[in-house]
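quick one, what's the 3D model for this:
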Amino acid sequence: MTIKKQIPYHYEHAPIPGGGYVTGFVFHPQKPDVLYARTDIGGVYRYDYEKSKWKSLMDHVTQTDLSESYPIAIGLNINHPEWLLIACGVNEDNKGILAISKDGGKSFTYEAIPTLVHGNLNGRGTGLRLIVDAKGDETIYFASQQGGLLRSKDLGKSWESLEVQGEKYMTFIWQSKDAKTLVVGTAGVTTKQSDEERGHSVYVSYDGGSHFEKLWQPEKSHVVGSRMSGYVAQRYDDDGNYLYITFSETGRRSYVKENGYSCDSGDALAGRIIRYERDTEGKIISYREITPYRESETNEDLEYGFSGIS
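Predicted coordinates for the structure are as follows:
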């Protein structure tokens, strides 16, 4: 017998006076009054808790270079709450920009990211793509949209590519507290099986990124009409014991194919939520599907995907 419990919620609009979609929120894990929001074409905002208002961090941007208006990822430093990293770009010369602030967004310095970055590209609904290494303030990882998994050991001055079994279209990166375990989500595009079926979507490394192996994920669904079958790992969250990952397939009405898997593609199907159990060192030792209960596995029950999770 299944018991369904209704939890009351009250929703209101959160006024953010900028253009475009709000594509992600990032809270600092140690300092609850540090909260940022990114948009696809309107830059990054920081929430002012005293004034109960969102403050734009991109008012200095001019028509000369609009890259900062198009953020694809926000990264925070667990040891330095005022540090803010933003991967942004608008497809100029197929290179992105890493905007670096050490004062909560009041001022920035900049480094180049040697691959395409575009905050308004399909797939902007996934994340988190940019993280600071748990053991070093200068080491950062960036799960790029089409250029694979990148790592910098000098805060963006130079970059190296990490091989993830040939996949180049990334969706997110997660790291354990001991910095040894990395989990990356991908779109399964570079490794696709055919024009109708994408490749594997989620990988794990237990040696800091030197080698990656496939991590278990749901098999493709039997839903009819997916423009490209196969699941894509969308977003994740971590409660200290479990890593939670959402998955979706490309919908039949999606206006893109390979990148038509997330909440911004017009359509997504066959959502799944998987819980991965970790040991004390961060190694994944088991998994369990925790997708919300549904009456049956008919097409009508698969008319939605999953993306954000908290």
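
tell me how far the residue nearest the centre of the chain lies from residue 221.
The residue lying closest to the centre of the chain (CA atoms, centre = their mean) is residue 127, at 0.7 Å. As judged by CB to CB, to the nearest Å, residue 127 and residue 221 stand 23 Å apart. No exception for glycine: its C-beta is placed from N, CA and C like everyone else's.

before we move on, what about residue 60?
On the measure of CB to CB, residue 60 and residue 221 end up 46 Å apart.

returning to what we had before: give the contact list for the residue nearest to the centre of the chain.
23, 24, 73, 171, 172, 235 (CB atoms under 8 Å, 6 or more residues apart in numbering).

in this structure the second one contacts residue 40, no?
No. With contact defined as CB atoms under 8 Å, residue 24 and residue 40 do not form a contacting pair (9.7 Å).

would you state the strands of the stretch 1-150 of the chain in chain order?
Assigned by DSSP state E, counting those that start in this stretch, the stretch 1-150 of the chain shows strands spanning 22-27, 35-39, 44-48, 53-56, 71-77, 80-88, 96-101, 109-113, 130-132, 140-143, 149-152.

same thing with the stretch 151-300 of the chain?
Going by DSSP E, counting those that start in this stretch, the stretch 151-300 of the chain shows strands at 160-162, 170-175, 182-186, 202-205, 213-214, 232-238, 242-250, 268-278, 284-289.

report pLDDT for residue 297.
In this prediction, residue 297 carries a pLDDT score of 56.

next up, phi/psi of the residue nearest to the centre of the chain, please.
Main-chain dihedrals, residue 127, degrees, to the nearest 10: phi 150, psi 170.

on that earlier part again, looking at the strands of the stretch 151-300 of the chain, which is closest to residue 308?
strand 232-238 (5.7 Å; CB to CB).

picking up where we left off before, closest one of the contacts of residue 127 to residue 80?
For the contacts of residue 127, the nearest to residue 80 is residue 73 (17.8 Å; CB to CB).
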